[in-house]
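Colleague: Need coordinates for the below:
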Amino acid sequence: MTEKKLNCWEFMKCGRGPKGAKTKQLGVCPAASEKRLDTVHGGINSGRACWVVAGTFCGGTVQGSFARKQVACRRCDFYNKVHNEEGKALESNNKLLTRLKDTSSRLDITTKRLGIIIGSSGLIGGALMHYFSNKVGDIEVLGPNSKRLSLRQPRDIRSYFEKYQPDFIVNCAIAPLDSDAQLAYEINYLGAVRLAKMAMQQKIPYIHFSSAAVLPMGENLTEEDRLELNPRLSNYAKSKLMAEKTLEYMHETQGLDYTIIRLAVVYGKHDHKIQGFQRLLFSIADQAMPFMLSKPGVFHSYTNTKKIPAFVNYILEKRDEFSGQTYNFVDREPVELVAIIKAIKSYLDVKAPREIYVPYPLAKTGRGFLKWLIKRLGRLGVEIRLPAEMQFMKSFYEIQTLSVGKLERSSYRDNEPEITVFTELTSIIYYYLIRWKHFNLITTFNEDLRGTSQPAGEFLEAPDVLLDTMNKYSHKPLEEYEASL
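Modeller: Residues are numbered from 1 along each chain as shown. Here you go, the predicted structure:
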């Protein structure tokens with residue numbers, strides 16, 4: 001006698017099938033009411049194809065679209081039971097979805113995956129948002145700002161992720177480098193752990209960005225060469241190091257599916273803040289560095305912003321290989337800091353910094369004096385802040401290069417290994433100089449770089465003429481209006 005084929009509500013005993021005990025309280029499950037998959041695999045309505053129907057109430061949580069359900073469904077006993085029973089007769093997901101694509105459907109049947117990018121307004125987050133929004137057709141991304149989702153508010157995190165049910169989380173948010181202990185702890189450490197807990201709850205991958213600040217000085221540093229945790233570390237390094245250690249612990253003890261991407265000095269365009277590599281460029285462009293705050297032979301590793309998104313996309317596709325792993329993601333060849341400074345100086349055709357190398361003890365003393373002076377001026381109401389990068393001044397004088405051996409042994413391949421900070425330097429300099437000039441932040445570079453358009457020139461020299469022209473053509477459609485300017 002052939003065994004009766006069970007529908008999902010009969011197997012799960014959820015009480016949400018037709019005339020179920022909980023239908024008055026919770027409603028009939030969409031799998032029990034969706035008739036377009038009736039008789040598929042011998043079931044009633046969608047009772048034996050529930051994994052392609054959105055809105056089912058599996059595991060006590062409302063499930064999202066087909067794509068967002070797949071990780072959870074693959075772990076479901078009923079899902080595996082149907083697959084085993086049907087064998088070769090099992091209908092493909094594409095065929096099932098085609099049946100559901102009826103104009104009368106009101107269910108979410110998109111096959112796109114959904115990702116949440118935390119820190120989407122920063123240099124790295126912005127690059128990720130652009131990449132996934134424009135170059136990856138099967139992924140949608142959301143980038144909530146801190147008003148919608150604050151890492152300091154567990155309630156924000158919980159409600160946001162329960163609402164959107166994403167397929168993965170990427171965390172590239174950081175507190176400012178000079179944050180106090182409380183903010184660094186809450187954003188860089190506690191925020192990272194809270195996101196990891198949500199990833200575990202929803203059984204989705206968690207991609208976490210870390211920093212070379214967790215590493216000691218030295219050459220060819222591997223992923224295991226981390227600093228010892230101690231109170232003397234900067235708030236930034238301490239919080240990032242603690243986050244790495246806790247994520248590893250959660251993977252080992254609780255099964256967290258995570259990957260840590262550890263970056264070095266990041267270079268690239270479209271950063272709205274003057275920080276990191278841009279701080280060095282700004283100091284030279286603004287002639288704020290009279291002498292060399294480094295010495296010959298000091299090499300550092302660099303990370304290309306444009307290459308990060310493709311790597312994130314790749315490791316999301318290869319979870320079996322990259323889950324539970326940390327990778328140094330840097331250019332293959334390190335770069336001498338003095339060489340970078342000379343290249344920028346040559347491009348800008350400026351005299352400073354002069355090739356006089358300030359010893360570290362003297363530079364440290366000078367920094368201490370500036371901090372003392374700023375503190376005294378603050379009492380007079382004069383607000384001045386040293387660049388946050390100054391807390392890492394010692395690294396200007398010491399080598400820190402990261403090994404890419406583990407990355408190169410993986411299946412990932414850099415399609416453009418020839419791109420380095422030097423090949424990108426011209427476009428980066430031009431981009432930031434124009435931007436800083438527009439905001440009146442610098443005045444010392446070649447005026448030919450201004451790129452002032454005719455309307456902008458009239459705005460400066462003849463605003464009344466420009467106003468008359470604008471008003472004259474204001475009635476035209478946008479395209480014609482723009483062509484008239």
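
Colleague: can you give me the offset of the one helix or strand T469 maps to from its chain's centre?
Modeller: According to DSSP states H and E, T469 maps onto helix 463-472. In terms of C-alpha atoms, centre = their mean, to the nearest Å, the centre of helix 463-472 is set 44 Å apart from its chain centre.

Colleague: other SSEs contacting it?
Modeller: helix 454-461 (3 or more C-beta pairs under 8 Å, 6 or more residues apart in numbering; DSSP states H and E). (Each C-beta comes from the backbone N, C-alpha and C, glycine too.)

Colleague: hmm, 10 Å instead?
Modeller: Using 3 or more C-beta pairs under 10 Å, 6 or more residues apart in numbering; DSSP states H and E, the elements in contact with helix 463-472 are helix 454-461, helix 478-484.

Colleague: Can you show me the CA trace of it as PDB?
Modeller: Taking Å, rounded to 0.1, in the frame of the first residue of the first chain, the C-alpha atoms of helix 463-472 are listed here in PDB:
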ATOM      1  CA  PRO A 463      25.400  86.700 -11.900                       C
ATOM      2  CA  ASP A 464      22.800  89.200 -13.300                       C
ATOM      3  CA  VAL A 465      23.500  88.000 -16.900                       C
ATOM      4  CA  LEU A 466      23.300  84.400 -15.800                       C
ATOM      5  CA  LEU A 467      20.000  85.000 -14.000                       C
ATOM      6  CA  ASP A 468      18.400  86.600 -17.100                       C
ATOM      7  CA  THR A 469      19.500  83.600 -19.200                       C
ATOM      8  CA  MET A 470      18.100  81.100 -16.700                       C
ATOM      9  CA  ASN A 471      14.800  82.800 -16.500                       C
ATOM     10  CA  LYS A 472      14.500  83.200 -20.300                       C
END
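
Colleague: what's the average pLDDT for it?
Modeller: Per-residue pLDDT values across helix 463-472 average out to 71.

Colleague: Over to stretch 154-163?
Modeller: In this model, stretch 154-163 has an average pLDDT of 84.

Colleague: cool, stretch 88-96 as well?
Modeller: On average, the pLDDT along stretch 88-96 is 82.

Colleague: repeat for stretch 224-241
Modeller: 91.

Colleague: buried set for that stretch?
Modeller: Buried residues in stretch 224-241, defined by neighbour count with 16 or more other C-beta atoms under 10 Å: 226, 233-241.

Colleague: where does it sit relative to the chain's centre, distance-wise?
Modeller: 22 Å.

Colleague: Show the end-to-end separation of it, please.
Modeller: With C-alpha to C-alpha, to the nearest Å as the measure, stretch 224-241 spans 12 Å from end to end.

Colleague: coming back round to it: farthest pair in the buried residues of stretch 224-241?
Modeller: Within the buried residues of stretch 224-241, R226 and N235 form the most distant pair, 16.9 Å apart (C-beta to C-beta).

Colleague: Leaving out the residues flanking it, which one is nearest to E186?
Modeller: R152 (4.8 Å; C-beta to C-beta, 6 or more residues apart in numbering).

Colleague: so that neighbour sits right up against A184, yeah?
Modeller: No: the criterion here is C-beta atoms under 10 Å, and R152 misses it with A184 at 11.7 Å.

Colleague: hey, what's in contact with both of these two?
Modeller: Both R152 and A184 are in contact with 175, 190, where contact means C-beta atoms under 10 Å, 6 or more residues apart in numbering.

Colleague: Neighbour count: these two, which is higher?
Modeller: Set side by side, R152 and A184 show more neighbours around A184, with 24 against 15, by other C-beta atoms under 10 Å.

Colleague: Tell me which residues touch the residue lying closest to F422 once chain neighbours are set aside, please.
Modeller: Closest residue to F422 apart from its sequence neighbours, by C-beta to C-beta, 6+ apart: A343 at 6.6 Å. Contacts for A343 (C-beta under 10 Å, 6+ apart) come out as 284, 335, 421-422, 425-426, 429.

Colleague: Let me see the domain layout of this structure.
Modeller: 8-100, 113-362+387-447, 452-484 (automatic domain parsing).

Colleague: wait, is D414 part of a strand?
Modeller: No: D414: not assigned to a strand; according to DSSP: H, G, I helix; E, B strand; the rest coil it is coil.

Colleague: I'd guessed it sits against N304; true?
Modeller: Yes: using C-beta under 10 Å, D414 is in contact with N304, at 9.2 Å.

Colleague: Overlap in contacts, these two.
Modeller: Shared contacts of D414 and N304, counting by C-beta under 10 Å, 6+ apart, come down to 329, 331.

Colleague: Good, wrapping up.
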